[in-house]
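Colleague: sharing a model prediction with you, sequence too.
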Amino acid sequence: MSEVVHTFTTTVPRWQPYVVPVDFATATDEQHAAMQTTPSNKGISPYVLTLAHDPETLTVRSPLFNLIMYGKDGLASSERELGAVAASVVNRCVYCAAVHASRFNNLTKRTDVIDAVFADGLETTLDEHLQAIFDFSARLSTTPPEATADDAQALADVGLDELESLDLVLSAAIFGWANRLMHTLGEPMKD
Amino acid sequence: MTLIETLASARPGSALAQAMEKRAEILRLSEAAHDAVLLPRDPGGLSHGIRAALAARMARHNRSPALASHYDTLVARADEPATAPLADPDANVPDPRVAEIVRHADRLTVAPRDATRAHVDALRDVGVTDADIVRLAELAAFVNYQVRVLAGLKLLGEMR
């Protein structure tokens, strides 16, 4: 029996949309181009099929997301993932948090950081470096954004240069985007 | 120059300006995303006018006057008297379909964590299609992304 997952977890749930996704068999050429699929593809995720309702945006969003999260130089991948997790905790996107927390754990080969974040949420205590990254991202993620000059200075104080700080801004911001899709167009399920 | 670069106005030659130059493709794609959500070729059931007005409203909820001003320009260009007033978060919205859309846009901006299936069902009940529900989510998601990129750039620019 399937049930909705309400608590943060590193076990990636199944995402189930509230709306009816695009029917792959009858998708338009523009929708296929946006999904980067052909009519013979199989196993396209319900999330991509849902976003295919707006192919113009999906076409741009996919490469933008990938450049921000998986670009080679600048901020360490694991620290981009922590920025994503912080935003997802603020916006309570359980699905996004699960995906990016498990990536953080895989990249860093440690689980204590995510355990602490999931246990204590925005009040979590981390080592100085990760704390600066987590707090900056979380405070940038509120509406209106609450991050201050002190939060930005804390990034410099733990050794982030301008490019790394910019990458953190971008990874927190792109999860202001992703959370608003994942968490509002569907829900995480445990089968 | 992209909208984000114009509004961020990083000091030429500064370390931040150089970092932004290294992320030029991300800024270019952000501009393309702006055009895709604000000025799509196929707007579906969400006109360019209502998109601009809701974007201005979202910028105001985020205390971003520079961005609100940009979207006010798009509202004026769309010249759509029925939707232009929505740019003001205090505007009264008599039409029930538009009111539901506005309520959802506000929720997605201010408290996305509170969104539930019931909110999507409420949109469907007043005749908003599933494709338009996705378009509305993309609009709110993009504007809130843009707000945070600008807020972050401002903090980094002021720091050094």
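Modeller: On my side now, so go ahead.
Colleague: what's the neighbour count on residue 57?
Modeller: Using chain A. The number of residues packed around A:Thr57, counting by other Cβ atoms under 10 Å in any protein chain shown, is 25. Quick note: C-beta positions are derived from backbone N, CA and C, even for glycine.
Colleague: hmm, I had chain B in mind actually
Modeller: B:Arg57 has 24 nearby residues by other Cβ under 10 Å.
Colleague: got a list of what B:His104 touches?
Modeller: B:His104 sits next to B:119, B:122-123, B:136 when contact means Cβ atoms under 8 Å, 6 or more residues apart in numbering or on different chains.
Colleague: no, scratch that, I was asking about B:Ala68
Modeller: Contacts of B:Ala68 by Cβ under 8 Å, 6+ apart are B:56, B:59-60, B:87.
Colleague: what of B:Ala151?
Modeller: Here B:Ala151 is in contact with A:140, A:144-145, A:147, B:62, B:64 (criterion: Cβ under 8 Å, 6+ apart).
Colleague: how about 6 Å then?
Modeller: By Cβ atoms under 6 Å, 6 or more residues apart in numbering or on different chains, the residues touching B:Ala151 are A:Pro145.
Colleague: isn't there a strand covering A:Gly43?
Modeller: No - going by DSSP: H, G, I helix; E, B strand; the rest coil, the assignment for A:Gly43 is coil, not a strand.
Colleague: measure how buried it is and give me the count.
Modeller: By other Cβ under 10 Å, 6 other residues sit near A:Gly43.
Colleague: can you tell me how far it sits from chain B?
Modeller: A:Gly43 sits 21 Å away from chain B, going by Cβ to the nearest Cβ, to the nearest Å.
Colleague: tell me the pLDDT of that residue.
Modeller: Per-residue confidence (pLDDT) for A:Gly43: 84.
Colleague: could you do B:Arg160 as well?
Modeller: B:Arg160 is given a pLDDT of 55.
Colleague: now for the contacts of B:Ala68, which pair is the farthest apart?
Modeller: Across those, the longest distance by Cβ to Cβ is 9.0 Å; it joins B:Ala59 and B:Ala87.
Colleague: more neighbours: which of these two?
Modeller: B:Ala59 (26 against 22).
Colleague: give the burial count for the closest residue in space to B:Ser64 that isn't next to it in sequence, as a bare number.
Modeller: Computed as Cβ to Cβ, 6 or more residues apart in numbering or on different chains, the closest residue to B:Ser64 that is not its neighbour in sequence is B:Val147, at 5.2 Å. Residues near B:Val147, counting by other Cβ under 10 Å, number 25.
Colleague: what helix or strand is the residue of chain B found nearest chain A on?
Modeller: Scanning chain B for proximity to chain A using Cβ to the nearest Cβ identifies B:Gly152 as nearest, at 3.1 Å. In this assignment (DSSP states H and E), B:Gly152 forms part of helix B:130-159.
Colleague: show me which positions of that helix end up buried.
Modeller: Neighbour-count burial for helix B:130-159, counted by 16 or more other Cβ atoms under 10 Å in any protein chain shown, picks out B:130-157, B:159.
Colleague: now B:Ile50: which helix or strand?
Modeller: helix B:48-61.
Colleague: so what does that helix touch, helix or strand wise?
Modeller: Under the contact definition 3 or more Cβ pairs under 6 Å, 6 or more residues apart in numbering or on different chains; DSSP states H and E, helix B:48-61 sits against helix B:65-78, helix B:96-110, helix B:130-159.
Colleague: of all these, which one is nearest A:Lys42?
Modeller: Per Cβ to Cβ, nearest to A:Lys42 of these: helix B:130-159, 22.6 Å.
Colleague: could you check the angle helix B:65-78 makes with that closest one?
Modeller: 140 degrees (axes from the mean of the first three to the mean of the last three Cα atoms, to 10 degrees).
Colleague: quick one: helix B:130-159 to chain centroid distance?
Modeller: 6 Å (Cα atoms, centre = their mean, to the nearest Å).
Colleague: ok, now stretch A:154-172?
Modeller: That offset, for stretch A:154-172, works out to 17 Å (Cα atoms, centre = their mean).
Colleague: cool, and stretch A:75-95?
Modeller: That offset, for stretch A:75-95, works out to 6 Å (Cα atoms, centre = their mean).
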